[in-house]
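**Q** Predicted model and sequence below, questions to follow.
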Amino acid sequence: MEKKYLTQSFAKENVPPWRCPSCESGRLKLVGEFSVYSDAATQNSSNEEWFEPEYSNYIFTGILCCENCREKVAVSGAGNVEEDYGEDGREYYTLLTPKFFHPPLRIIEPSISKDVPADVIVYLEKAFQIFWCDADSCVNRLRTVVEYLLDGIGIDRNHPKGDRLSLAARINLLVEPQHVEVKDALTSLRYMGNDGSHGSVGIERHELLLAFAVVKYCLEKLFPNVSDESEVLTFVSEVNQRKGFREA
């Protein structure tokens, strides 16, 4: 998913073309219009003399539809009014901030093999579900993804004596040459997950996107999607045997 569609609120009249979570190629378009409702505080205060439009707060819901596969996606969230100055003087416009999509949008779309453990996909999907509404819990789920990634490459969860190994201890068992380059990346996800557990850091959207980028890097390094080159290699062998396209 393009970062520019994941980092900001949007004007009600300018809905981002999010990528479909089902076919992963089509773009989502709004069906009809968003349903936008003032919250109770706005309703109770809107007739007061001191009230200004930018004090307004809303909730919204809407249905999106994929232009390609026709999948339907429900979206809901919060809204507020922003003030700006244009050619006609002071203007107001409504900004909407998504908090929930169902089915969830795919924040990353790594190119990986079919050997990725099912639990990795499950917890990655769980992280997608709360990307918009709870950054702390989201990175904590990414930490869980790391545990299952290590399962997938054969790193035990328990010491030979039976004691449970910490995530740090499991990561430190990565000594194979092909795994060393992702060791630091997995460690960083462990630290980020710890921050999410504490819930006091105030993880920002751009930082959360970087955390997903680290997960994508690890997935593609540990479970690369190796293309089938057999047809090309067979053709190369045949050409070399013939010393050209045709036998002389």
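**A** Good, I have the coordinates.
**Q** the strands in this structure, which residues?
**A** Secondary structure of the chain, counting by DSSP state E: strands at 10-11, 28-30, 35-38, 57-66, 72-86, 89-102.
**Q** out of those, which comes closest to K221?
**A** strand 89-102 (28.3 Å; CB to CB). Quick note: C-beta positions are derived from backbone N, CA and C, even for glycine.
**Q** For that closest one, name the packing helices and strands.
**A** When contacts are defined as 3 or more CB pairs under 8 Å, 6 or more residues apart in numbering; DSSP states H and E, strand 89-102 sits against strand 10-11, strand 57-66, strand 72-86.
**Q** Let me see the mean pLDDT of the shortest one.
**A** Spelled out, that is strand 10-11. Averaged over strand 10-11, pLDDT sits at 89.
**Q** Excluding chain neighbours, what is closest to L28?
**A** Leaving aside its sequence neighbours, L28 sits nearest to L64 (CB to CB, 6 or more residues apart in numbering; 3.9 Å).
**Q** just L124 next, same as before
**A** Distance criterion CB to CB, 6+ apart; nearest residue to L124, sequence neighbours excluded, is V145 at 5.7 Å.
**Q** tell me the pLDDT at that neighbour?
**A** For V145, pLDDT reads 95.
**Q** So it sits against I121, correct?
**A** No - using CB atoms under 8 Å, V145 makes no contact with I121, being 9.2 Å away.
**Q** What's the mean pLDDT across the longest helix seen in the chain?
**A** For the chain, the helix that runs over the most residues, judged by DSSP state H, is helix 177-198. When pLDDT is averaged over helix 177-198, the result is 88.
**Q** Same question for stretch 30-43.
**A** Per-residue scores along stretch 30-43 average to 92.
**Q** ditto for stretch 66-76
**A** Mean predicted lDDT for stretch 66-76 stands at 96.
**Q** in it, what's buried?
**A** C66, E71, V73, V75, S76 (16 or more other CB atoms under 10 Å).
**Q** Name the residues linked to the residue nearest to L28 by a beta bridge.
**A** L30, V73 (DSSP bridges).
**Q** Domain map for this structure?
**A** Annotated domains of the chain cover 1-106, 107-248 [automatic domain parsing].
**Q** chain center to the longest one, what's the gap?
**A** Computed by CA atoms, centre = their mean, to the nearest Å, the separation of domain 107-248 from the middle of its chain amounts to 14 Å.
**Q** Model confidence for the spatially most central residue of the chain, exactly?
**A** A centroid search over the chain (CA atoms, centre = their mean) returns I107, at 2.1 Å, as the residue closest to the centre. On the pLDDT scale, I107 is placed at 94.
**Q** I'd like the distance between it and E2.
**A** 11 Å (CB to CB, to the nearest Å).
**Q** Also V75?
**A** With the distance defined as CB to CB, V75 ends up 17 Å from E2.
**Q** roughly how far apart are L149 and L95?
**A** According to CB to CB, L149 stands 37 Å off from L95.
**Q** Looking at those two, which is more packed in?
**A** Neighbours per residue (other CB atoms under 10 Å) separate L149 from L95, with L149 holding more: 26 against 15.
**Q** quick revisit: looking at V145 and I121 now, which is surrounded by more residues?
**A** Using other CB under 10 Å as the criterion, V145 and I121 rank with V145 on top: 24 against 14.
**Q** and that one, how far is that from E54?
**A** On the measure of CB to CB, V145 and E54 end up 40 Å apart.
**Q** repeat for S197
**A** 36 Å.
**Q** Quick one: residues contacting the closest residue to P16 other than its chain neighbours.
**A** Distances taken as CB to CB, 6+ apart place Y5 nearest to P16, at 4.2 Å, with adjacent residues excluded. Listed by CB atoms under 8 Å, 6 or more residues apart in numbering, the contact set of Y5 reads P16, P17, W18.
**Q** again with A185
**A** A185 touches V214, Y217, C218, K221, counting by CB under 8 Å, 6+ apart.
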